[in-house]
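Asker: okay, sequence plus prediction incoming.
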Amino acid sequence: MYCGNCFRDNALVTALRRQGHDTLMVPLYLPMTLDEANAAAGTPTFFGGINVYLDQKSSLHRRMPGWFRRWFDAGPLLRWASGKTAKTRPDDVGELTVSMLRGERGNQSRDLDELTGWLAHLPRPDAVLLSNALLGGFTRELKARLNTRVVCFLQSEEAFLDSMPQPWNTKGWEELRALAPEMDGWIAPSRFFADRMASRLGLDPKSVEVVPNGIHLEGYDQLPERPVPSSTDPLTLGFFARICPEKGLETVVEAFIALRQSGRHPRLRLKLGGGCGPGDVPFLERIQARLAKAGLAESVSVATNLSREEKVRFYSECDVLSVPAKNEEAFGLYVIEAMAAGTPVVQPNCGAYPELIRATGGGVNCGANTAEALASALDSLLRDPRQLRALGRAGREAVFRDYTDTAMATQTIQALQRLLANPH
């Protein structure tokens with residue numbers, strides 16, 4: 001509901017299984033909301049979100065009998081809670097995040113004992129992969145009870161921790177740095193983020209492998225090649241991510257307004273899509289009011305919480321896409337999803353964006369992360385339809401070659417083999 005890591009993890013587990021690796025996916029907090037088949041189907045959800053919250057708030061709840069606590073982990077109740085999108089923003093959950101990072105010393109130690117106890121009755125794994133470093137508090141108990149190695153993916157933690165208010169911001173980083181020596185290795189989705197987190201956590205660079213994210217190509221492989229648009233064809237600018245301020249939607253909207261008001265793109269349309277929970281609706285309404293004030297409401301369409309088929313179609317109906325996130329993204333799955341549909345991207349010169357655009361040739365860096373810089377880069381590209389389609393073809397070819405779920409799984413196994421060969 002916050003970072004989208006579950007989409008990447010689900011694709012990875014599915015691909016690992018296709019390659020013959022016995023892989024178990026264990027969901028945490030809430031039932032997973034995915035647009036592909038759930039790789040965790042049949043596996044219990046641990047650290048049920050309601051119990052985790054109540055454990056943080058009440059010492060009495062932490063002592064309640066198991067039958068009482070299990071009532072709060074009932075599927076219908078957790079699905080109801082997920083629909084309410086409770087306190088998922090980092091500035092709301094600082095104290096809880098620090099407690100989770102403390103693992104067996106935190107208020108959720110009973111939840112951790114339940115998880116590791118359940119895993120201990122399964123065949124011993126060669127490794128346990130943590131989805132992100134905010135789960136690092138599990139490491140000591142996992143290693144002690146399962147006699148295994150623990151490797152952690154790095155995905156989006158920096159922005160989450162940095163967004164927490166003090167004192168939780170400082171305490172969170174301190175806890176994570178203290179956990180770092182316990183880990184047997186790390187896997188980052190980009191060289192940018194590998195270097196950034198190695199610096200912030202004091203990691204040996206050799207302990208951090210880089211494995212780019214990948215996607216399943218079903219649906220994308222059925223899309224026809226798009227012809228070069230004529231000078232009279234209306235073009236569409238797209239945005240696809242969570243509908244929230246952090247993903248830079250306001251920047252895209254202001255760039256769109258500037259392009260329309262310039263008079264050079266009178267038929268340009270804006271297509272907005274992505275996850276939108278109840279907590280995001282007021283922001284979306286403000287965006288729509290801004291577009292209406294500019295007289296452009298009729299040139300904008302909004303499609304939220306899409307199925308996989310709808311998402312693929314959304315990307316294919318955009319001529320160019322931009323998601324200028326305010327935080328420096330570790331990857332940006334929407335970049336390769338758009339490229340897989342033959343849609344080029346225009347992104348600011350920050351985070352992993354330059355790395356992805358260099359590697360794929362599927363887009364343009366606009367420089368500064370401002371509406372003015374974005375509008376200028378979009379203006380040049382939209383007035384050159386042949387270049388628009390050439391970038392789309394290059395990005396699509398690169399994704400089909402290097403950024404598939406199969407490639408991600410293969411590279412993950414290779415990274416694990418290197419990390420687990422390290423005696424330290």
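Answerer: Sure, I can see it.

Asker: what's the single longest helix in this structure?
Answerer: Assignment by DSSP state H gives helix 385-402 as the longest helix of the chain.

Asker: for that one, which positions count as buried?
Answerer: 385, 388, 389, 391, 392, 393, 394, 395, 396, 398, 399 (16 or more other C-beta atoms under 10 Å). Any C-beta I mention is one placed from the backbone N, CA and C, and that applies to glycine too.

Asker: just the CA atoms of the very next helix or strand once past it, as PDB, please.
Answerer: Counting by DSSP states H and E, the next helix or strand C-terminal to helix 385-402 is helix 405-420. Output of helix 405-420 as PDB, limited to C-alpha atoms (Å, rounded to 0.1, in the frame of the first residue of the first chain):
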ATOM      1  CA  ASP A 405      11.200 -11.500 -14.200                       C
ATOM      2  CA  THR A 406      13.300 -14.400 -15.600                       C
ATOM      3  CA  ALA A 407      16.400 -12.300 -15.800                       C
ATOM      4  CA  MET A 408      15.800 -11.000 -12.300                       C
ATOM      5  CA  ALA A 409      15.400 -14.500 -10.900                       C
ATOM      6  CA  THR A 410      18.600 -15.700 -12.700                       C
ATOM      7  CA  GLN A 411      20.600 -12.800 -11.400                       C
ATOM      8  CA  THR A 412      19.200 -13.100  -7.900                       C
ATOM      9  CA  ILE A 413      20.400 -16.700  -7.700                       C
ATOM     10  CA  GLN A 414      23.800 -15.700  -9.000                       C
ATOM     11  CA  ALA A 415      24.000 -12.900  -6.400                       C
ATOM     12  CA  LEU A 416      23.000 -15.300  -3.700                       C
ATOM     13  CA  GLN A 417      25.700 -17.800  -4.700                       C
ATOM     14  CA  ARG A 418      28.300 -15.100  -4.500                       C
ATOM     15  CA  LEU A 419      27.100 -13.700  -1.100                       C
ATOM     16  CA  LEU A 420      26.700 -17.100   0.500                       C
END
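
Asker: got the angle for helix 405-420 vs helix 385-402?
Answerer: 50 degrees (axes from the mean of the first three to the mean of the last three C-alpha atoms, to 10 degrees).

Asker: contacting residues for residue 364?
Answerer: Going by C-beta atoms under 8 Å, 6 or more residues apart in numbering, residue 364 touches 344, 345, 346, 347, 357, 377, 381, 391.

Asker: the residues you listed in strands, which ones?
Answerer: Among those, the members found in strands (DSSP state E) are 345, 346, 347.

Asker: state the distance from the nearest residue to the first one once chain neighbours are set aside to residue 347.
Answerer: Meaning residue 345. Counting by C-beta to C-beta, 6 or more residues apart in numbering, residue 345 lies nearest to residue 363, which is 3.7 Å off, once chain neighbours are set aside. With distances taken as C-beta to C-beta, to the nearest Å, residue 363 is found 6 Å from residue 347.

Asker: now do residue 32
Answerer: When distance is defined by C-beta to C-beta, residue 32 is 28 Å away from residue 347.

Asker: more neighbours, those two?
Answerer: Of the pair residue 32 and residue 347, residue 347 is the one with more neighbours under other C-beta atoms under 10 Å, namely 28 against 18.

Asker: quick check: chain neighbours aside, which residue is closest to that one?
Answerer: Counting by C-beta to C-beta, 6+ apart, residue 347 lies nearest to residue 353, which is 3.9 Å off, once chain neighbours are set aside.

Asker: domains in the chain, by residue range?
Answerer: Split into domains by automatic domain parsing, the chain comes to 5-216+406-420, 220-403.

Asker: quick one: contacts for the nearest residue to residue 133 once chain neighbours are set aside?
Answerer: Beyond its immediate neighbours in the sequence, the residue positioned closest to residue 133 (C-beta to C-beta, 6+ apart) is residue 157, lying 4.6 Å away. Contacts for residue 157 (C-beta under 8 Å, 6+ apart) come out as 132, 133, 134, 176, 197.
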